[in-house]
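Undergrad: Provide a 3D model corresponding to the input given below.
(2 chains)
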Amino acid sequence: MKQQIIAQLQKIAVWVDDRLHVTKLFESTAGHHVPKSSGSWFYVFGSGTLLCFVLQIVTGSLLAFVYVPSASEAYSTLEYMTFVQKMGWYLRGMHNAGSLFMVTIMILHMTQVFLFGAYKYPRELTWVSGCVLLYLTLGMAFTGEVLRFDQDAYWGLGIGVALVGRVPLIGENLIHLMLGGPIIAGETLSRFFSLHVFIIPGLLIATISMHLRLVLAKGINEFPRPGHLVKRETYDQEYAEIIKKEGVPFFPKAISKDLIFSAIVIFGILLYAFVLGPQIPNGSPNPTEIDTVPRPDLPFMWIFAVAALLPPYLETVILLVSPIFITILLFLLPFISGTGEKSATRRPAAVIIVLLTYIALGVLTYLGIASPWSPEMRAWTSDTTKAKYIEGRSPLELQGAVILQYKQCRNCHAIDGVGGHRGPDLADVGTRLTSDQLIRQVVQGGGNMPAYGHNITPDQVTAVVTYMASLSPNADQTAKNSTFPAKPPSEKPPASPKAAKSP
Amino acid sequence: MSDTPQQEQQPVVCCGGGAPPPASSRRDFLLLLGLGMNGLAALLVSIPIIGYIFTSFVQKMPLKWINLGKITDFPDGTTRLATYTNPYRRPWDGETAEIPCWVRHETENKFQIFAINCTHLGCPVRWFEESNLFMCPCHGGAFYQDGSHAAGPPPRGLYQYKYKVENGNLWVEGGVIPSLANAV
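TA: Here you go, the predicted structure:
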């Protein structure tokens, strides 16, 4: 009896397998043979990125239960989701964390592939499809930021308009294409919703399929051995021998570290969302409420910093040409260095490129968050002045201190660290500039400071300059005219020719 | 219908192997016809799709005159924030249909109407009447009261809308987000 049942079950299993091709599917995918050396901690980032993507689809689909992609309602549905809907805040947090994790792990994956020479022959197109995935993922991050339809989203689109508007000839047409009209409005959000939810995910799934198919067809890169060069003529045979000699089925022999990393990624996303929560919608997208300080999301902070730091005459060229240049370089990489050494230990240039890129992106992101070039819009009303920069001063100097505050100087100039950081700190300005130089700087501006000549009376100039001249640690250190002058900033031409006239 | 079993018997017809049997000229014709019909279909499908997407690409929306209110709302010598409703407003635009601009009243009928967007990267500039400056919160661009460039990265002065004064009302010509490609 028992044996009969087992025989029946076996029959059913064989039938199902025959009709569904489960075994064949397994053999050609999860069970395919990989070099034993690829079961390494360095090889976990690809599956980690894929896992993030799957999780994003799940959380994103659930967010769409509540979210309404209409410019008039998106913001209130976001608030509802964040503050009213049960677990809504947590799912938003997971989606937000998932996006950051996906971009981060993808960059780690790309770094590993680059340093391990995995992009070389015969995996050129695996790299190229990966580059497409990089752009699509960043596209998801940007369109997702727009769907969080708040002040940051609105002005983020404004920054997009200003960038696209620099394209010669068709700039205006491209703006209209991007916005779905001449101005940021309802059609803009609908467009970005379609991109974020249908078009880019569709392209992502298609490209991921190609990427994975190529991983299966061309094999996973073996752990590089220093001094072992890739040659087009011999590599295929060598790889076949590696698989023959030390090949193991991916499942169950090489997947364990991927599994462990995947679980850590999920724990990380859950924890991140739990501790930090979602990004709270930053004010409704009402452009007439201009008391706002727009900032992009983390993955684009470095671009925000670049835009602040480029010299104006280079700005348009660099902002428009460098993305094209970088894209071409990325896509052509496997065709430029498609053979030869794979190991990072013998590719110092590759290591230096990675280090420089990480340092540059890190520093730029940090600067973007700190934004020292932005005026502190409320500094003039709210920032205090420490007693030692006030006490013991004459009424005229005190009057100057008030004018310094009232004329918004503090928005760009800190006193002992308190205030804006656009211009130099004024705590010891008396040691750097003489009264004459101060007058000239205030009236004519220059060196990235507006000329105040038209906006300040001579009496006020006298007061504010007297105060600033008093700002030195002790009286002996006040600035003196020298016969050997290093060029003071006031020697630069004034920013506006009109302002050069004295008031 | 009768084709099906034959196809199963000769699956290599299209892909070389032996010499094609003489009967294949009809098949070749049908293949070409099928490909051709689908090519035509693809072309026809693409016309409405491209038209749908690229209307906004080619469409030039003319600016429209919008009433900003009585000129007495803008006292001489002041610069004030004014808002108007986007002339191309759609019912689902919500708050985004309200567009801000800075109105500077110099004397009598002499005005300047500045776009809110900084000429550097489009962030909203703020007016400070104490120092007579517009400041941008993004990258520190600054402009004088007449809109000319004062400091920072912006490549030019503030964008200015055209205006007219009729029967004591101030009208602005707006409806397009200004950019370096279209400075209004």
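Undergrad: give me the spatial nearest neighbour of A:Gly338, chain neighbours excluded.
TA: A:Tyr121 (4.9 Å; C-beta to C-beta, 6 or more residues apart in numbering or on different chains). Every residue, glycine included, has its C-beta placed from N, CA and C.
Undergrad: next, see if the longest strand along chain B gets close to chain A.
TA: The single longest strand within chain B, with elements called by DSSP state E, is strand B:98-107. Yes. Counting by C-beta under 8 Å from any C-beta of the partner chain, chain A is contacted by strand B:98-107 at B:98-100.
Undergrad: is it correct that the residue nearest to A:Gly338 is in contact with A:Arg232?
TA: Yes. If you go by C-beta atoms under 8 Å, A:Tyr121 and A:Arg232 touch, sitting 5.4 Å apart.
Undergrad: between these two, what contacts are shared?
TA: A:338-339 (C-beta atoms under 8 Å, 6 or more residues apart in numbering or on different chains).
Undergrad: settle it for me: which of these two has more neighbours?
TA: Legend: neighbour count by other C-beta atoms under 10 Å in any protein chain shown for A:Tyr121 and A:Arg232, higher for A:Tyr121 (18 against 11).
Undergrad: my read is the more buried one is in a helix, agree?
TA: No. Assessed with DSSP: H, G, I helix; E, B strand; the rest coil, A:Tyr121 is coil; it does not lie in a helix.
Undergrad: and it, what's its pLDDT?
TA: pLDDT for A:Tyr121: 94.
Undergrad: re the thing from before, what pairs with the longest strand of chain B, parallel or antiparallel?
TA: Sheet pairing for strand B:98-107, assigned by DSSP bridges, gives strand B:79-85 (antiparallel), strand B:110-115 (antiparallel).
Undergrad: now find how far off-centre that strand is within its chain.
TA: Remark: strand B:98-107 is offset 23 Å from the chain centroid, using C-alpha atoms, centre = their mean, to the nearest Å.
Undergrad: buried residues in that strand, which are they?
TA: Residues B:98-105 are the ones in strand B:98-107 that count as buried (16 or more other C-beta atoms under 10 Å in any protein chain shown).
Undergrad: how near is the residue lying closest to B:Gln112 once chain neighbours are set aside to chain A?
TA: Take B:Gln112 and drop its neighbours on the chain: the residue closest to it by C-beta to C-beta, 6+ apart is B:Arg104, 4.3 Å away. Taking C-beta to the nearest C-beta, to the nearest Å as the measure, B:Arg104 falls 14 Å from chain A.
Undergrad: all the strands of chain A, in order from the start?
TA: Going by DSSP E, chain A shows strands at A:33-35, A:247-249.
Undergrad: no no, chain B
TA: B:64-70, B:79-85, B:98-107, B:110-115, B:126-128, B:133-135, B:142-144, B:149-151, B:160-166, B:169-174.
Undergrad: turn those into JSON lines, including mean pLDDT.
TA: Below are the strands of chain B laid out as JSON lines (pLDDT from 0 to 100):
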{"stretch": "strand B:64-70", "mean pLDDT": "94"}
{"stretch": "strand B:79-85", "mean pLDDT": "95"}
{"stretch": "strand B:98-107", "mean pLDDT": "94"}
{"stretch": "strand B:110-115", "mean pLDDT": "95"}
{"stretch": "strand B:126-128", "mean pLDDT": "96"}
{"stretch": "strand B:133-135", "mean pLDDT": "95"}
{"stretch": "strand B:142-144", "mean pLDDT": "96"}
{"stretch": "strand B:149-151", "mean pLDDT": "94"}
{"stretch": "strand B:160-166", "mean pLDDT": "94"}
{"stretch": "strand B:169-174", "mean pLDDT": "94"}
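Undergrad: grab the nearest non-local neighbour of B:Pro137.
TA: Per C-beta to C-beta, 6+ apart, closest to B:Pro137 is A:Val293, 4.5 Å.
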